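**Student:** Got a sequence here, can you build the structure:
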Amino acid sequence: MNSVFRSVKGKLIKGSRLKRYLIYAAGEIVLVVVGILIAIQINNLNEERKRHNLEMDIISNVKSDLQAERVDLQHIIERRESKALSAQTMADYHNEMQVDTLINYYVNFANVLYWEVHYPNDKTFQELLNSGNLSLIRNEEIKRNLLEMQNQYNQIHELREHTKHDYEMFFYNEYKHIFNFSTAINAWAYPEGDYQLSHSEVEACLKNTAIKNGYTIAAFNNTEMGNRSREVLRIVEDTIILIDEEIARAS
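**Tutor:** Residues are numbered from 1 along each chain as shown. Below you'll find the predicted structure:
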């Protein structure tokens, strides 16, 4: 009988040890899992911090591009307005408005025909677009503005190419037979100089219907390019404000 009691007692002791072992093992597993989860969380936080810092660097570079673009746009808008005004004046001359002075005809001629191209300051945006990393900017409004600017630039480019074709057809091909380009350019650049201006050249130009039509088209196209550039400028200024707000929230 004693041997039976000893056997039962041994089994109970062994059962108690097994239970404690299982509890201990389960505790270790829980600790390992918790440790893994904490490590993953720390890693995620580190990755998020890196991504956030990268995003701030990117939008800061975008802002620098936009600040330079704002200055250039203000200049090109002034030039488009000046060209449109000169083109309209020349169209009026060709519509039998009296040419007040020969120098004004030469100066307005050169102002309209002087070819100017605006290249956007969008290096950072283009790098993001070409690398497929535009999604690094998480502010949807900033992204929409940048994409809308790209759309406006594309439209301005198409209009500028169309205008270039018009200039070649209505101006360069017509003027080259009857007008002294160098005198006009010098008179435009240095209006106080002493130049041999030709009344007969101007009279011949005034009789040319193609040139007359060219100035009407030039006035319209330069006005339209100026208006589109003003829209880009508005988006640029709005985007700079959005970026400043985003950087302020992050600091």
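**Student:** When you work out contacts or count neighbours from here on, use the C-alpha atoms and nothing else.
**Tutor:** Will do.
**Student:** what's around residue 211, how many residues?
**Tutor:** Residue 211 has 23 neighbours, counted by other C-alpha atoms under 10 Å.
**Student:** Which residue is the nearest non-sequential neighbour of it?
**Tutor:** Nearest non-adjacent residue to residue 211, counting by C-alpha to C-alpha, 6 or more residues apart in numbering: residue 170, 5.4 Å away.
**Student:** try residue 62
**Tutor:** residue 124 (5.8 Å).
**Student:** mind checking how far the one you found is from residue 59?
**Tutor:** Distance of residue 124 to residue 59, computed by C-alpha to C-alpha, to the nearest Å: 9 Å.
**Student:** now the residue nearest to residue 211: how far from residue 180?
**Tutor:** Distance from residue 170 to residue 180, by C-alpha to C-alpha: 16 Å.
**Student:** Neighbour count for these two, which is higher?
**Tutor:** Applying other C-alpha under 10 Å to residue 170 and residue 180 shows that residue 170 carries more neighbours, namely 20 against 15.
**Student:** wouldn't the more buried one be in contact with residue 217 here?
**Tutor:** No. Applying C-alpha atoms under 8 Å, one finds residue 170 not in contact with residue 217, separated by 9.3 Å.
**Student:** which residues are in contact with stretch 119-137?
**Tutor:** 51, 55, 58-59, 61-62, 65-66, 68-69, 143, 146, 153 (C-alpha atoms under 8 Å, 6 or more residues apart in numbering).
**Student:** out of the residues you listed, which are inside helices?
**Tutor:** For the contacts of stretch 119-137, the ones inside helices are 51, 55, 58-59, 61-62, 65-66, 68-69, 143, 146, 153, with DSSP state H as the criterion.
**Student:** which regions of this protein sit below the pLDDT cut-off?
**Tutor:** 1-19, 21-22, 24-25 (pLDDT under 70).
**Student:** At which residues are the helices of it located?
**Tutor:** Counting by DSSP H, the helices of the chain are 2-94, 102-113, 123-131, 140-166, 173-175, 181-189, 199-206, 209-250.
**Student:** most neighbours per residue, which of these?
**Tutor:** The highest mean neighbour count among the helices of the chain, using mean count of other C-alpha atoms under 10 Å, belongs to helix 102-113: a mean of 21.
**Student:** what distance separates that one from the middle of the whole chain?
**Tutor:** Centroid displacement of helix 102-113 relative to its chain, using C-alpha atoms, centre = their mean, to the nearest Å, is 33 Å.
**Student:** So which elements touch that helix?
**Tutor:** helix 2-94, helix 181-189, helix 199-206 (3 or more C-alpha pairs under 8 Å, 6 or more residues apart in numbering; DSSP states H and E).
**Student:** So which of those helices is nearest residue 246?
**Tutor:** Nearest of those to residue 246, taken as C-alpha to C-alpha: helix 2-94 at 8.5 Å.
**Student:** now for that closest one, which elements pack on it?
**Tutor:** Against helix 2-94 (3+ C-alpha pairs under 8 Å, 6+ apart) you get helix 102-113, helix 123-131, helix 209-250.
**Student:** for these, which one sits closest to residue 30?
**Tutor:** That would be helix 209-250 among the helices and strands packed on helix 2-94, by C-alpha to C-alpha, at 36.2 Å.
**Student:** distance between that closest one and the chain's centre?
**Tutor:** 11 Å.
**Student:** Nearest to residue 200, out of the helices and strands packed on helix 2-94?
**Tutor:** Here helix 102-113 is closest among the helices and strands packed on helix 2-94 (C-alpha to C-alpha), at 10.4 Å.
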